[in-house]
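Trainee: mind folding the following:
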Amino acid sequence: MASRCDPSCVLAHCTRAYVAWRTGRVDLAMAVAQQAAARAGETRHEREREHVQAVVAMQSGEQATAHDCLGQIAARYPTDRIAVRIAGLRRAEEVDLAPDAPELLAARQALQVAA
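Mentor: Numbering: from 1, shown residues only. Okay, the predicted model is just below:
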């Protein structure tokens, strides 16, 4: 696991927190979110800081803020598959996606870049 191999990898902690939340492991999500927040000062890139903000918002119970943050990451960094996927899942849970929804556009663009 990346977070054990490199404890300073903030994105690994954030990813573990996202997966834990999606799978209902709130206890693990809260613990990992604290680890990510504690390492926020070690981030090397704005995208990492934004992921930490999203995880801290989730930890604080501010789901809408967290998902807005993830949507912004997905829009700015369309190859960030974590942000694109979670933002898209959240949006799909709320309403049926319109063909021009920002999350879908970001996901399509990410797929085109990866191909």
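
Trainee: when you work out contacts or count neighbours from here on, use the C-alpha atoms and nothing else.
Mentor: Fine.

Trainee: quick one, what contacts the closest residue to Leu28 other than its chain neighbours?
Mentor: When the adjacent residues along the chain are set aside, Leu28 lies closest to Ala20, with 6.2 Å between them (CA to CA, 6 or more residues apart in numbering). Contact criterion CA atoms under 8 Å, 6 or more residues apart in numbering gives Val26, Leu28, Ala29 as the residues in contact with Ala20.

Trainee: and Ala20, which of the three is it?
Mentor: Secondary structure of Ala20, reduced to three states by DSSP: H, G, I helix; E, B strand; the rest coil: helix.

Trainee: name the element the closest residue in space to Val10 that isn't next to it in sequence belongs to?
Mentor: For Val10, ignoring the flanking residues on the chain, the nearest one in space by CA to CA, 6+ apart is Ala36 at 5.6 Å. Per DSSP states H and E: Ala36 is located in helix 26-38.

Trainee: which secondary structure elements does that helix sit against?
Mentor: For helix 26-38, the contact count by 3 or more CA pairs under 8 Å, 6 or more residues apart in numbering; DSSP states H and E identifies helix 10-22, helix 46-59 as packing neighbours.

Trainee: least reliable of these going by mean pLDDT?
Mentor: Taking the mean pLDDT of each of the helices and strands packed on helix 26-38, the lowest value is held by helix 10-22, a mean of 88.

Trainee: tell me the angle of that helix relative to helix 46-59?
Mentor: Between the axis of helix 10-22 and that of helix 46-59 there is an angle of 30 degrees, by axes from the mean of the first three to the mean of the last three CA atoms, to 10 degrees.

Trainee: returning to what we had before: most surrounded residue in the contacts of Ala20?
Mentor: In terms of neighbours by other CA atoms under 10 Å, these top out with Ala29 at 25 neighbours.
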